[in-house]
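Colleague: what follows is a predicted structure for the sequence shown.
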Amino acid sequence: MEGYVVDGLAASGEPAGPAAERGLAELEAAGNAVVPGLGPLVVQVAVMYEGAAGAVLLEDMERLAVEESRKIGLGALQLALDVQADAEVPLPGLRGTDGHWRGCREKSATTVVTMLGPVRVRRIAYRSRKKGVAGLHWRDAVLNLPPCGYSWQMQKFAEMACRSGSFREAGEMVHAATGNRTGNRQLEEITARAAADAGAFAQDRPVPDAPVITGPDGEERAAVLGMSADAKGVTMRPQALRAVTARRAARRDKKAGKRLGSGEKPANKRMAETGAVFDSLPPDGPARTPEDIMLRPPGQQPRTPQAANKWYTCGITATCADVIALVMEEADRRDPGRERDWLALVDGNAHQIECFKKEAAARGKDITILIDCIHVIEYLWKAALCFTPPGDTAATEKQATAWGLDILAGNSRDVITGIQAKAAANPPVPGSEHDKNIRRATSYLTAKEPYLDYPTALASGWPIATGIIEGACRHLIGDRMGIAGARWSLPGAQAMLWMRAIAASGDLGTYWHWHITREHQRNHLSKFQNPPAPRHDLQLVA
């Protein structure tokens, strides 16, 4: 395979001799004998090999092979499209769902940007003689061409890049991988289009099988169905703020040039409400004890329940009640007979608790609501600081640990009484920070006492912390939405949150197939009245 040429030059860059040109002609003729037009691509493969074989460094060999492979692949794709276009048999006409007959035919073409580069798709346009009636393209429907000018593979890759980093970084990634330059606006539009069916997908996605576990009584049963909800702020454009936040922002703007005071916030964020549903598998070994939680030696790996079949939902326009309703609907899908144990993990937010109770009552389902033990321990630490010498961390930790053990053992009332007794014996200065922390701790524990049934949770192997939802807020929202300098519109933020939630739920492949199928119906098939069946001799598949 020595001496193959392109435009009269051998792979080495030297003028090609008669023998090399003759070998090149034979190679091209052999390719054309298989499919007319394939010969030049076969020659390009030979030239790519010669160039790579002539390079010394692997870096140069790989770069040349990648660049030339892209060109060869683009040529092969264009050739396949052209062969199909030449084989397209004209139809007598097409009638749209608008009732108009389109009997005028003319040649037409459109450009689609693919992972390999732009290709030209030739097809027959069917038009009406009446003004204002849009033309139809049956081959567009057969190929399921996206209306935005980017192929489905290109859109899937661009959306993945946008989901992982800023739009600028996504554009750089797309260019490096495909050679296509795509602007930020186009990438935002691709992401928005990708999320067009995300809301409906939650209702139609496959339902995972419930894991079967062995309960404390030795009987097999379905794993507990866990759920949780929380929120995290997203920096928005001014017009996308909620009314209350916008008023705060206006007041802040009046203080232009002044620094924010203690406790003041920039008033530029909107809360993205997040929900999670999962199957919780108990840890291996015997049931955990309060000592396993509070007295675990440093460096020892904790035994914690494992979450399976995690599903997430995110809404930038939704309220807390809306998201919890979606969470409970997902629980209904997983347990339509309502035979499993349902566990709601919350951080203590009273509104969250009321929303869970309201949704459970509407379904006639008993649900266990459990306060995140980490939040409880934080209150205990602040209370312990009020009764130990300043700077004596060991004494503070000892007191907080003792109270924590009692709480996990189900003795929350004793802890409340103990804190009040200590405060009575050594009263803090009225209005001081210690006075406030003591009242906050006792009020919190008293109000949340019905939701501190940790003994049952530990005996059943249930989780007692909100790590799933807090991790979701941090990674699902914060890692992407909180990129420095990002300011989101409502549609853009919602589209990004939907796609990140779908990806985190492990449903991305299923969603894309479902979305593309719906796009096919929406963009093409819905426009035809009694569409013809695709002809097999055109090798086109609807």
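Modeller: Looks like it arrived, so ask away.

Colleague: what sits up against stretch 140-156?
Modeller: Contacts with stretch 140-156, where a contact means C-beta atoms under 8 Å, 6 or more residues apart in numbering, come from 110-115, 121, 123, 158, 178, 180, 186, 189-190, 193-194, 512, 516, 519-520, 523-525, 527-528, 531, 534, 538, 540-542. No exception for glycine: its C-beta is placed from N, CA and C like everyone else's.

Colleague: what about it, start to end distance?
Modeller: Stretch 140-156 has its terminal residues 19 Å apart, counting by C-alpha to C-alpha, to the nearest Å.

Colleague: flag every buried residue along it.
Modeller: Under the neighbour-count criterion of 16 or more other C-beta atoms under 10 Å, stretch 140-156 has 140-146, 148, 150-152, 154-156 buried.

Colleague: list the buried ones in stretch 304-320?
Modeller: In stretch 304-320, counting by 16+ other C-beta under 10 Å, buried: 304-305, 307, 309-316, 318, 320.

Colleague: looking at those, which are in helices?
Modeller: Counting by DSSP state H, the buried residues of stretch 304-320 place Cys320 in helices.

Colleague: give me the secondary structure label for the residue nearest to Gln78 when sequence neighbours are not counted.
Modeller: Excluding the flanking residues, the one nearest Gln78 by C-beta to C-beta, 6 or more residues apart in numbering is Val119, at 5.1 Å. Val119 falls in the strand class when you classify it by DSSP: H, G, I helix; E, B strand; the rest coil.

Colleague: gap between Val119 and Gln84?
Modeller: For Val119, the distance to Gln84 (C-beta to C-beta, to the nearest Å) stands at 12 Å.

Colleague: what's around the nearest residue to Gly461 once chain neighbours are set aside, how many residues?
Modeller: Spatial nearest neighbour of Gly461, excluding adjacent residues (C-beta to C-beta, 6+ apart): Pro282 at 2.3 Å. Residues within reach of Pro282, counting by other C-beta atoms under 10 Å, total 23.

Colleague: could you pull out the helices in the stretch 151-300 of the chain for me?
Modeller: 152-164, 167-178, 184-194, 198-204, 243-253, 290-294 (DSSP state H, counting those that start in this stretch).

Colleague: would you single out the least confident of those helices?
Modeller: Here the helices of the stretch 151-300 of the chain differ in mean pLDDT, and the lowest is helix 243-253 at a mean of 67.

Colleague: with only the CA atoms kept, save stretch 374-392 in CSV.
Modeller: Taking Å, rounded to 0.1, in the frame of the first residue of the first chain, the C-alpha atoms of stretch 374-392 are listed here in CSV:
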residue,chain,number,x,y,z
ILE,A,374,-27.6,14.8,62.4
HIS,A,375,-29.9,17.9,62.8
VAL,A,376,-30.9,16.6,66.3
ILE,A,377,-27.2,16.2,67.3
GLU,A,378,-26.4,19.7,66.1
TYR,A,379,-29.0,21.1,68.6
LEU,A,380,-27.6,18.9,71.3
TRP,A,381,-24.1,20.2,70.7
LYS,A,382,-25.2,23.8,70.9
ALA,A,383,-27.0,23.0,74.2
ALA,A,384,-24.0,21.2,75.6
LEU,A,385,-21.8,24.2,74.9
CYS,A,386,-24.0,26.1,77.4
PHE,A,387,-23.1,23.8,80.3
THR,A,388,-19.4,23.1,79.7
PRO,A,389,-16.3,25.3,80.2
PRO,A,390,-15.4,27.4,77.2
GLY,A,391,-12.9,25.7,75.0
ASP,A,392,-13.3,22.3,76.7
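
Colleague: now it, how far from the chain's geometric center?
Modeller: Mean-position distance between stretch 374-392 and its chain equals 38 Å (C-alpha atoms, centre = their mean, to the nearest Å).

Colleague: what sits up against it?
Modeller: Here stretch 374-392 has contacts from 347-348, 395-397, 399-400, 403-404, 407, 415, 419, 422-423, 426, 428, 434, 437-438, 440-442, 444-445, 448, 452, 465-466, using C-beta under 8 Å, 6+ apart.

Colleague: tell me which of these fall in strands.
Modeller: Nothing among these maps onto strands, per DSSP state E.

Colleague: among the residues you listed, name the buried ones.
Modeller: The neighbour count (16+ other C-beta under 10 Å) marks 347-348, 396, 399-400, 403-404, 407, 415, 419, 422-423, 428, 434, 437-438, 441-442, 444-445, 448, 452, 465-466 as buried among the contacts of stretch 374-392.

Colleague: distance between the ends of stretch 203-215?
Modeller: End-to-end distance for stretch 203-215, by C-alpha to C-alpha: 31 Å.

Colleague: which residues does that stretch contact?
Modeller: Applying C-beta under 8 Å, 6+ apart, the contact partners of stretch 203-215 are 220-223, 225, 279, 281-282, 308-309, 329, 333-335, 340, 460-461, 507, 510-511, 514.

Colleague: now, which of those lie within strands?
Modeller: Among the contacts of stretch 203-215, the members that lie in strands (by DSSP E) are 220-222, 225, 279, 281, 308-309.

Colleague: out of those, which are buried?
Modeller: When those are checked for burial by 16+ other C-beta under 10 Å, the buried set is 222, 225, 279, 281, 309.

Colleague: pLDDT score assigned to the third one?
Modeller: Reading off the confidence values, Asp279 has pLDDT 97.

Colleague: tell me what it is bridged to.
Modeller: Leu225, Ala308 (DSSP bridges).

Colleague: do you know how far it is from Arg193?
Modeller: 32 Å.

Colleague: one more: Cys104?
Modeller: Counting by C-beta to C-beta, the separation of Cys104 from Arg193 is 31 Å.

Colleague: those two - which one has more neighbours?
Modeller: Shown here are Cys104 and Arg193; by other C-beta under 10 Å, Arg193 has more neighbours (18 against 12).

Colleague: just for the stretch 251-400 of the chain, where's the confidence low?
Modeller: Across the stretch 251-400 of the chain, the ranges flagged by pLDDT under 70 are 251-267.

Colleague: dig out what the residue nearest to Ile477 when sequence neighbours are not counted forms beta bridges with.
Modeller: Closest residue in space to Ile477, ignoring its immediate chain neighbours: Lys232 at 4.5 Å, by C-beta to C-beta, 6+ apart. Counting by DSSP bridges, Lys232 is bridged to Ala272.

Colleague: for the one 4 residues further on, same thing?
Modeller: On DSSP bridges, the residues paired with Met236 through beta bridges are Trp488.

Colleague: that one contacts Lys269, correct?
Modeller: Yes - with contact defined as C-beta atoms under 8 Å, Met236 counts as touching Lys269 (6.6 Å).

Colleague: name the residue in these two with the higher neighbour count.
Modeller: Per other C-beta under 10 Å, whichever of Met236 and Lys269 has more neighbours is Met236, with 25 against 19.

Colleague: one step back: which of the contacts of stretch 140-156 count as buried?
Modeller: 110, 112-115, 121, 123, 158, 178, 180, 186, 189-190, 193-194, 512, 519-520, 523-524, 527-528, 531, 534, 538, 540.

Colleague: buried stuff in the longest helix anywhere in the chain?
Modeller: Taking DSSP H as the criterion, the chain has its longest helix at helix 58-87. Under the neighbour-count criterion of 16+ other C-beta under 10 Å, helix 58-87 has 64, 68, 70, 72, 74-79, 81-82, 84-85 buried.

Colleague: and after that helix, which helix or strand comes next?
Modeller: Downstream of helix 58-87, the first helix or strand assigned by DSSP states H and E is strand 94-95.

Colleague: which secondary structure elements does that following strand contact?
Modeller: With contacts defined as 3 or more C-beta pairs under 8 Å, 6 or more residues apart in numbering; DSSP states H and E, the packing partners of strand 94-95 are strand 101-102.

Colleague: with that, I have no additional questions.
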